[in-house]
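Participant: what shape does this take:
(2 chains)
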Amino acid sequence: MSRRLLLIRTIVLATALLGVNYVAWRWMFSVNWSYWWIAVPLVLAETYSLIDSLLFGFGMLRLRERGQPPPAPEDLTVDVFITTYNEPLDLVERTAVAARAIAYPHRTWILDDGRREEMRDLAQRLDIGWITRSADWAGHSRHAKAGNLNNALLATEGEFLLILDADQVPSPDILDRTLGYFDDEKMALVQTPQWFENVPDHDPLGSQAPLFYGPIQQSKDGWNSAFFCGSNAVIRREALMMLGVSRYVGEVEVGVHRALRTARTVVRSALRGLDEDEVLVRDALEAIEYEVGKARRRLGRGEALFDVTYRFQERVAAVRRRLVSADLEALQADLAVIAELEGIAADPDLGLATVDEGALRRMSQRDFSPLGAVDTVEALVRAVDVDRGDEAQAIMPMATISVTEDMATCMRLHGLGWHTAYHDEVLAVGLAPEDLQTMLTQRLRWAQGTIQVMLRENPLTQRGLGVAQRLMYFGTMWSYLAGFAALVYIGAPVLYLAFGVLPVQAFSADFFWRLIPFLVFNQLLFMVVANGRPTWRGQQYSLALFPVWIRSVTSAVGNVWFGRSLDFAVTPKTKQAQESLPWHLVKPQLWAMGILVAGAAIGVVRLAVGQAEPLATGINLFWVAFDLLIFSVVIGAVRYRGFDPAVHGLPTPPPGSCDAPDRAEQVARIVQRHPQEPPDRHDHHDHHDQQHTDHAQGAS
Amino acid sequence: MIEFGIDTTSEGIGVVTPRGRLNMVSARRLKDLLAELVDGGTTRIVVDMGETTFLDSSGLGALIAGLKSARQAGGDLRIARPTPAVHSVFEMTNLDRVLRARDTVEGAFDA
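Facilitator: All right, here's what the predicted structure looks like:
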């Protein structure tokens, strides 16, 4: 064990003990129950923060710095994908030119979801591939970027894929530095950092994520949970395709269960509508009801699904033949409805569910003629059996359950036993949003996606994941719940200063001796793992963006549990008029700051007139000052007018823990070679998100 | 390299035997071959995997495509005698939960 790791483990252990010691004491001895309405939220918020710290520390126990990568084997086949929807041509061009220049033999493709003539011409001019959606996708859910990648997977054949967002300009050795990891034949994916060239070193919008693309990914890597982040990653095609097959199996299972349940309802309602004398028909329908029950029991016993559905369809067909002569006329009306079954399985956003439950319900409420009922049953099961007629491709390797397809896909890969690696070296240079509006929308989208995955495929209950892997995924999701804790951390000091409401029993020596060592060690842990990387901006934003985090949770819950839209319609497409600063975007934070300042002022007055304790006032004033320092980040963000190299100078890339000797030069070359263009990635995401939103509505 | 044995039993069941590695290249041939059989009226097919030494996702894709076309034509496709290599791929993708492999080619359509 390296000395660094030993030091980290010692601090992690100490932090955990101190934290548990403090929070346990808080619960047992220091909650001021007479003000329970703020005392309980405060101790809950503190417990939340403790769990956050424990999860962070647990990961760090296995911090994995991989050092120099193994040499890339020769003769692998690689496809380089550049995904685009509507980014400007020159932005895509500079990425494409750099991608073509990657040293390791490969083929470069532009995955053009916008299907633009000029993009095709560009690809032709550069002599690289141009892929658009195949005809199969017409009329089907497109699944945004995940769909774009799924489509391209079927149109290419390389053993490995490098995925690049349209703005991510790769370094020529990106493949030479990553392919070696695939010597491990269970290795599915190698992620490298995302680093942005249009961000000044003081990073007003918190665009760089030096802690995430560094120690956090390295800690996840130590537990075989390094995350896939959507771009700048190399993936083994076979791992994705295997994943596609396993998801196909899962969705067929869910679909058949639902179809059989609906089939039973349809048959029962047809039976109720029968006259006494229709003995023949009644027998037939009862036979089918029996078969439905039998099929469900056989599935329940774990019999292979295709065997069950095959037998079921044979039996139903036999019954149907006996009935054909019965009532052809009534059937005509039913046929039109049954034809709709073709479209029944359109549940694009849920992904897990092949069949739209709303459509099934409508189907089961209709009065069918007996023969119509039989046909419905047949069509129902056929619609979901073997052939997922609803989707453009039966096999969709990239997860489509969330607006952040990368995390869900990666978690599923880990669930199947694949390995992933994080290689800590900047091998591609991208462009970050340069205005607050775009940045806020992007953060909201990431947070919503993460919460969606947590609600739909909670890592704590996923089959195939190890305990540590579950905690690594859960830890990231947990950290997005910080918005609620932030509310309490703003409110508590104000309540004391303004109204004398004290949520703790006393600010005794006991209190300090338990709290302060925990806080100190927590910061120490940050400092040691960060190893010189800046962390303050990240800490500020994790609290200061509390309205974004809260909204992400409420909207994702509304979307997943109540089928509501994610509500993305907030972003105007045109840039805000530049004369006025966008203060309206941070209204909640400004209110919070105003309340904190007002609370402090009242607190000082109350102290002066002898209504408040000096010690408690002092502590709460300190607390307010800390909150204000955190929130001050939004002021700089609002006032930021975008990146200007003449003013800000060229940004310093972070030293990776395994850089090639000339890495710094190479990054500098990429940064200098290309003129700065205002990025237009935001529109791209926004459009796709809008699609998701629409589908979520359609499914509800 | 791979070769495919093709037989038809007295009951009219087509038996396809891939001998060797079922990877991206050979999967395409298997897919075409299964489609031809179904088009030619042989809708009940057994794929004998007793001599298949390797199977990847494209091989699985070909099997699923064959299953799909056989069923649409009113027949079925059954898998028989998987080798350990084949079986582990079935397990990894959960395909064993929906598609049960048969112990023998002769008994593949018995139940």
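Participant: and residue A:118, how many residues sit next to it?
Facilitator: Neighbour count for residue A:118, taken as other C-beta atoms under 10 Å in any protein chain shown: 11. For glycine as for every other residue, the C-beta is placed from the backbone atoms N, C-alpha and C.
Participant: for residue A:531, what are its contacts?
Facilitator: A:4, A:214, A:215 (C-beta atoms under 8 Å, 6 or more residues apart in numbering or on different chains).
Participant: so which of those sit within helices?
Facilitator: Secondary structure from DSSP state H places residue A:4 of the contacts of residue A:531 in helices.
Participant: which of the contacts of residue A:531 lies closest to residue A:502?
Facilitator: Set against residue A:502, the nearest of the contacts of residue A:531 by C-beta to C-beta is residue A:215 (37.5 Å).
Participant: how is chain A divided into domains?
Facilitator: A:3-61+A:476-642, A:259-299+A:309-384 (automatic domain parsing).
Participant: where among those is the average confidence lowest?
Facilitator: Ranked by mean pLDDT, the domains of chain A bottom out at domain A:259-299+A:309-384, with a mean of 69.
Participant: nearest to residue A:158, of the domains of chain A?
Facilitator: domain A:259-299+A:309-384 (25.7 Å).
Participant: can you list the residues of chain A near chain B?
Facilitator: When proximity is defined as C-beta under 8 Å from any C-beta of the partner chain, chain A approaches chain B at A:157, A:238, A:241-242, A:244-246, A:248-250, A:252-253, A:302-307, A:310, A:385-387, A:394-395, A:416-417.
Participant: please repeat the previous calculation with a cut-off of 7 Å.
Facilitator: Selection of chain A residues close to chain B by C-beta under 7 Å from any C-beta of the partner chain yields A:157, A:238, A:241-242, A:245-246, A:249-250, A:252-253, A:304-307, A:310, A:386-387, A:394-395, A:416.
Participant: out of the domains of chain A, nearest to residue A:651?
Facilitator: domain A:3-61+A:476-642 (11.9 Å).
Participant: chain A contacts on chain B?
Facilitator: Residues of chain B lying near chain A by C-beta under 7 Å from any C-beta: B:24, B:56-58, B:60-61, B:64, B:67-68, B:71, B:76, B:92-95, B:97-100.
Participant: can you rerun that using 8 Å?
Facilitator: B:24, B:56-58, B:60-61, B:64, B:67-68, B:71-72, B:76, B:89, B:92-100, B:111.
Participant: drop anything exposed from the residues you listed.
Facilitator: Buried members of the residues of chain B next to chain A, scored by 16 or more other C-beta atoms under 10 Å in any protein chain shown, are B:24, B:56-58, B:60-61, B:64, B:67-68, B:71, B:76, B:89, B:92-100.
Participant: residues in contact with residue A:43?
Facilitator: Neighbour list for residue A:43: A:23, A:26, A:27, A:31, A:503 [criterion: C-beta under 8 Å, 6+ apart].
Participant: quick one, what contacts whichever residue of the stretch 301-450 of chain A sits closest to chain B?
Facilitator: For the stretch 301-450 of chain A and chain B, the shortest gap (C-beta to the nearest C-beta) falls at residue A:304, measuring 3.4 Å. Residue A:304 makes contact with B:96, B:97, B:98, B:99, B:100, according to C-beta under 8 Å, 6+ apart.
Participant: mind naming the longest strand for chain B?
Facilitator: strand B:14-22 (DSSP state E).
Participant: which helices and strands sit right next to that one?
Facilitator: For strand B:14-22, the packing partners by 3 or more C-beta pairs under 8 Å, 6 or more residues apart in numbering or on different chains; DSSP states H and E come out as strand B:3-8, helix B:24-39, strand B:44-48, strand B:52-55, helix B:57-72.
Participant: now do that strand against strand B:3-8, angle only.
Facilitator: 170 degrees (axes from the mean of the first three to the mean of the last three C-alpha atoms, to 10 degrees).
Participant: CA atoms of strand B:14-22 as PDB?
Facilitator: Extracted as PDB, the C-alpha positions of strand B:14-22 are listed here (Å, rounded to 0.1, in the frame of the first residue of the first chain):
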ATOM      1  CA  GLY B  14     -34.800 -28.700 -40.300                       C
ATOM      2  CA  VAL B  15     -31.600 -29.400 -38.300                       C
ATOM      3  CA  VAL B  16     -28.800 -26.800 -38.600                       C
ATOM      4  CA  THR B  17     -25.400 -27.600 -37.100                       C
ATOM      5  CA  PRO B  18     -22.800 -24.700 -36.900                       C
ATOM      6  CA  ARG B  19     -19.400 -26.300 -36.600                       C
ATOM      7  CA  GLY B  20     -16.800 -24.000 -35.100                       C
ATOM      8  CA  ARG B  21     -17.000 -20.300 -34.100                       C
ATOM      9  CA  LEU B  22     -20.200 -18.300 -34.400                       C
END
